[in-house]
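Asker: structure, please.
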Amino acid sequence: YFRDVYDHVIRINETIDNLRELLTTALEANLSLIAVRQNEVMKKLAAWAAILAVPTLIAGIYGMNFESMPELHWRFGYLAAVAGMAGGCAALYAWFRRAGWL
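Answerer: Numbering: from 1, shown residues only. Here you go, the predicted model:
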């Protein structure tokens, strides 16, 4: 009788170990999927941050108001600055879009 109970206990213990390994594998797979999704989101955030850095840089440079900046006294200086901002943003957007980040 006790050998039969012992065999049942060993079989149940092996089943528990197998289920524990299965759950561990499932948890690791879930964590890997979460990490992949988080990396995708981080790539998009980095791309948008780089795109927004272009107009910030140009506006920061023109915000210094030096007298020796020839663009300040040029008739199309404002238009050139805005066009530079838009062009830089568009170029980065196209590049990130082609790279699959956006």
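Asker: and the helix or strand in which Cys89 is found, what's its mean pLDDT?
Answerer: Assigned by DSSP states H and E, Cys89 falls within helix 77-99. Taken as a whole, helix 77-99 has an average pLDDT of 91.
Asker: mind listing what's buried in that helix?
Answerer: Neighbour-count burial for helix 77-99 flags Ala81, Gly84, Met85, Gly88, Cys89, Leu92, Tyr93, Phe96 (criterion: 16 or more other C-beta atoms under 10 Å). Where you see a C-beta, it was placed from the backbone N, CA and C, and this is true even at glycine.
Asker: can you tell me how far Asn30 sits from Asp4?
Answerer: Remark: distance between Asn30 and Asp4 (C-beta to C-beta, to the nearest Å) = 39 Å.
Asker: and the buried residues of helix 77-99, which is closest to Leu22?
Answerer: Phe96 (40.2 Å; C-beta to C-beta).
Asker: follow-up on the earlier one: dump the buried residues of helix 77-99 into a markdown table; add distance to Ser68 as well.
Answerer: Listed next are the buried residues of helix 77-99 as a markdown table, based on distance: C-beta to C-beta, whole Å:
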| residue | distance to Ser68 |
| --- | --- |
| Ala81 | 16 |
| Gly84 | 19 |
| Met85 | 22 |
| Gly88 | 23 |
| Cys89 | 27 |
| Leu92 | 29 |
| Tyr93 | 33 |
| Phe96 | 35 |
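Asker: any idea which element the residue most central in space within the chain lies in?
Answerer: With distances taken as C-alpha atoms, centre = their mean, Met42 lies nearest the centre of the chain, 1.3 Å away. Assessed by DSSP H and E, Met42 sits inside helix 2-62.
Asker: helices or strands up against that helix?
Answerer: Counting contacts by 3 or more C-beta pairs under 8 Å, 6 or more residues apart in numbering; DSSP states H and E, helix 2-62 packs against helix 77-99.
Asker: do that again at 10 Å, thanks
Answerer: Here helix 2-62 touches helix 70-73, helix 77-99, going by 3 or more C-beta pairs under 10 Å, 6 or more residues apart in numbering; DSSP states H and E.
Asker: got the contact list for the longest one?
Answerer: Counting by C-beta atoms under 10 Å, 6 or more residues apart in numbering, helix 77-99 makes contact with 43-44, 46-48, 50-59, 61-62, 69-72, 74, 76, 101-102, all of which sit outside it.
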